[in-house]
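Asks: what's the 3D shape of this:
(2 chains)
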Amino acid sequence: MAKIVVITSGKGGVGKTTSSAAISMGLALRGHKTVVIDFDIGLRNLDIIMNCERRVVFDFVNVIQGDATLNQALIKDKRCDNLHILPASQTRDKEALTKEGVKKILDDLAEQFEYIICDSPAGIEQGAQMALYYADEAVVVTNPEVSSVRDSDRILGILQSKSHRAENGQPPVREHLLVTRFDPTRVARGDMLNIEDIEDILAIPLLGVIPESQSVLNASNKGMPVVLDEKSDAGQAYLDTVARFLGEDKPHRFLEAQRRGFLKRVFGG
Amino acid sequence: MTDAQPLTVRARMLPVQRLIVEDPDPDRFEQRLQATLAQAPALFNRAPVALDLTALVDNLSGDLLTHLLERCWRHPVIVFALAGPKESLGIWCDEFQLAWMDSRDRVTKPKSSQASPALDTQVITQPVRSGQQIYARGAHLLIMNQVSAGAEVIADGNIHVFGALRGRAMAGVQGLDSAEIVCQEMDADLVAIAGTYRVRDDMPEHSQGAARVYLRDEQLLIDHY
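Replies: Residues are numbered from 1 along each chain as shown, chains lettered A, B, ... in the order given. As a prediction, this is how the structure comes out:
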């Protein structure tokens, strides 16, 4: 049975697409056949982060409207055979998605893949609701700040009430908390919420904490999911996150501010 | 402009004061009337009033009615109707060219001392998230989880939250002022009972922990435990 996982947040700019790219690549690297779908119709970004924007011929909306077959639209990642990308349409808007159309595509994908990762657009409107509607699991991406946490809470409410599982009285969507752009130094200064506060407010299990890192921006600009940069702390944190998602027990890292060594302080680092 | 109509009817609800007369003596009636008017001169100035004669219907006479009306005319009130049982007052209304009014109170206001009606209980086990609204109509609301900031929980009866209350809670929204809000951890944006409310800014600082919110003398009180 394929698992449908939505990466969502409510608020924009918190790292949904980065996390979608990293988690899907991480799952593929672990040997799971994975497809990642960009639900952000009209504002597609995932293909840029996955470095396949020049290979897009057909997109999600083409498949829904029957202009192309699913296999024509799927793009195979050059770095990992287990990973496929279904890009969003840049020229349409989110009203092009229908429940029936999305269901058909997800059913077809479920025959080929183990994990279907849905990269949700920001907001709580049609696009975001379509992305989460058929989800079995949800990764709620949150930054350690009050407005982001509030919006995540809102999206959790929608998962509970407006998903297919909720509407049909099935077991609820399994929810995971992923805190991104976490800066231990600023948390220590009290500028940011700490992990306990976020867990307390959202009351869902913590899947991972991704530290704020220069490597994330570098990786996006290079079109490379950050998990491929194994030296970066963010890359390692995403790999840990994927391992926990697969049921492994890994301690959380990067929660404390690193003490900078003498040499690093002198020469920078 | 359209042509002026000879007659157009417009309906309007008017507040009408009923003067209830239980003593047939015209002098005592006028004394009492004068005292009443002195208390609220503005309220009775050219105000339409009805004489409620329910208590006097059995020994009502043309003389008595004339006396009572004359006493009223000395004052700024304008008697336009008689109130009481229609069968007995009908002839007097015709004779004195007055309107008739029902003397029964249509709207009976529930007294606060009245025992609270038996209410149902609605139970919520999942967290109430931001943007969600739950209304327990005709019921108490029991929440076995937290209420997030931006969520709204409303009940006609009491609200009990066995977790943190960070959103808004409104109890007794149909006017039950004996309703209460109880929570394990008070961090609410707003609490209200029977329409009297307090926002976060008006609550004491550092007021966390379990709390009970209730209404006393139209004051919303918050006790911490």
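Asks: and chain B, is the lengthiest helix in chain A touching that?
Replies: Scanning chain A for the longest helix, with DSSP state H as the assignment, gives helix A:146-162. Yes: using CB under 8 Å from any CB of the partner chain, helix A:146-162 reaches chain B at A:150, A:151, A:153, A:154, A:156, A:157, A:158, A:160, A:161. Yep, even glycine has a C-beta here, placed from its N, CA and C like the rest.
Asks: the closest residue to the last one other than its chain neighbours: how many residues sit nearby?
Replies: Ranked by CB to CB, 6 or more residues apart in numbering or on different chains and with sequence neighbours excluded, the top spatial neighbour of residue A:161 is residue B:132, at 7.0 Å. A count of neighbours around residue B:132, defined by other CB atoms under 10 Å in any protein chain shown, yields 23.
Asks: residue B:97 too?
Replies: Residue B:97: 7 neighbours (other CB under 10 Å).
Asks: how about residue B:36?
Replies: Residue B:36: 15 neighbours (other CB under 10 Å).
Asks: kindly report the same for the one 5 residues further on.
Replies: The burial count assigned to residue B:41 is 9, neighbours taken as other CB under 10 Å.
Asks: measure how buried the residue of chain B found nearest chain A is and give me the count.
Replies: Here the residue of chain B nearest chain A is residue B:129; by CB to the nearest CB that distance is 2.9 Å. The number of residues packed near residue B:129 is 26, by other CB under 10 Å.
Asks: I'd say it and residue A:160 touch.
Replies: Yes: between residue B:129 and residue A:160 there is a contact at 6.7 Å, judged by CB atoms under 8 Å.
Asks: ok, back up a step: just the buried residues out of the residues of helix A:146-162 next to chain B, in ChimeraX syntax.
Replies: In ChimeraX, this line selects whichever of the residues of helix A:146-162 next to chain B come out buried by 16 or more other CB atoms under 10 Å in any protein chain shown:
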select /A:150,151,153,154,156,157,158,160
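Asks: ok, back up a step: OK, contacts around the residue of chain B closest to chain A?
Replies: If a contact means CB atoms under 8 Å, 6 or more residues apart in numbering or on different chains, then residue B:129 has A:153, A:154, A:156, A:157, A:160, B:148, B:151 as its contacts.
Asks: tabulate those residues (TSV), appending distance to residue A:220 and pLDDT.
Replies: As requested, the contacts of residue B:129 are exported to TSV (distance: CB to CB, whole Å; pLDDT from 0 to 100):
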residue	distance to residue A:220	pLDDT
A:153	27	95
A:154	26	95
A:156	27	96
A:157	30	94
A:160	32	91
B:148	31	94
B:151	35	93
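Asks: so what's residue B:154 bridging to?
Replies: residue B:135, residue B:170 (DSSP bridges).
Asks: ok, it - contacts?
Replies: B:133, B:134, B:135, B:136, B:141, B:169, B:170, B:171, B:173.
Asks: tell me the buried residues in stretch B:161-178?
Replies: So stretch B:161-178, judged by 16+ other CB under 10 Å, has buried residues B:161, B:163-173, B:176-178.
Asks: so what's the residue count around residue 224?
Replies: Defaulting to chain A. 19.
Asks: if you could check chain B rather than the one you did, that'd help
Replies: 12.
Asks: and what of residue A:2?
Replies: Neighbour tally, residue A:2, other CB under 10 Å: 18.
Asks: that one touches residue A:113, doesn't it?
Replies: Yes: using CB under 8 Å, residue A:2 is in contact with residue A:113, at 5.5 Å.
Asks: overlap in contacts, the two.
Replies: Contacts common to residue A:2 and residue A:113, judged by CB under 8 Å, 6+ apart, are absent.
Asks: what residues does chain B put near chain A?
Replies: So chain B meets chain A at B:126-132, B:145-146, B:148-151, B:164, B:166 (CB under 8 Å from any CB).
Asks: put the buried members of the residues you listed into a ChimeraX selection.
Replies: Here is the ChimeraX selection string for the buried members of the residues of chain B next to chain A, based on 16+ other CB under 10 Å:
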select /B:126,127,128,129,130,131,132,146,148,149,150,151,164,166
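Asks: quick one: residues contacting residue A:38.
Replies: Residue A:38 touches A:17, A:44, A:45, A:46, A:47, A:60, A:85, A:86, A:87, A:88, A:119, counting by CB under 8 Å, 6+ apart.
Asks: these, buried ones only, as a ChimeraX selection?
Replies: Here is the ChimeraX command that selects only those of the contacts of residue A:38 that count as buried (16+ other CB under 10 Å):
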select /A:17,44,45,46,47,60,85,86,87,88,119
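Asks: dump the contacts of residue A:38 to JSON lines, plus secondary structure, pLDDT and distance to chain B.
Replies: Formatted as JSON lines, these follow (DSSP: H, G, I helix; E, B strand; the rest coil; pLDDT from 0 to 100; distance: CB to the nearest CB, whole Å):
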{"residue": "A:17", "secondary structure": "helix", "pLDDT": "95", "distance to chain B": "23"}
{"residue": "A:44", "secondary structure": "coil", "pLDDT": "88", "distance to chain B": "27"}
{"residue": "A:45", "secondary structure": "coil", "pLDDT": "91", "distance to chain B": "26"}
{"residue": "A:46", "secondary structure": "helix", "pLDDT": "93", "distance to chain B": "27"}
{"residue": "A:47", "secondary structure": "helix", "pLDDT": "92", "distance to chain B": "31"}
{"residue": "A:60", "secondary structure": "helix", "pLDDT": "93", "distance to chain B": "27"}
{"residue": "A:85", "secondary structure": "strand", "pLDDT": "96", "distance to chain B": "31"}
{"residue": "A:86", "secondary structure": "strand", "pLDDT": "96", "distance to chain B": "29"}
{"residue": "A:87", "secondary structure": "coil", "pLDDT": "94", "distance to chain B": "31"}
{"residue": "A:88", "secondary structure": "coil", "pLDDT": "92", "distance to chain B": "26"}
{"residue": "A:119", "secondary structure": "strand", "pLDDT": "96", "distance to chain B": "22"}
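Asks: show me where chain B has its helices.
Replies: Using DSSP H, helices in chain B cover B:26-39, B:41-44, B:62-73, B:86-96.
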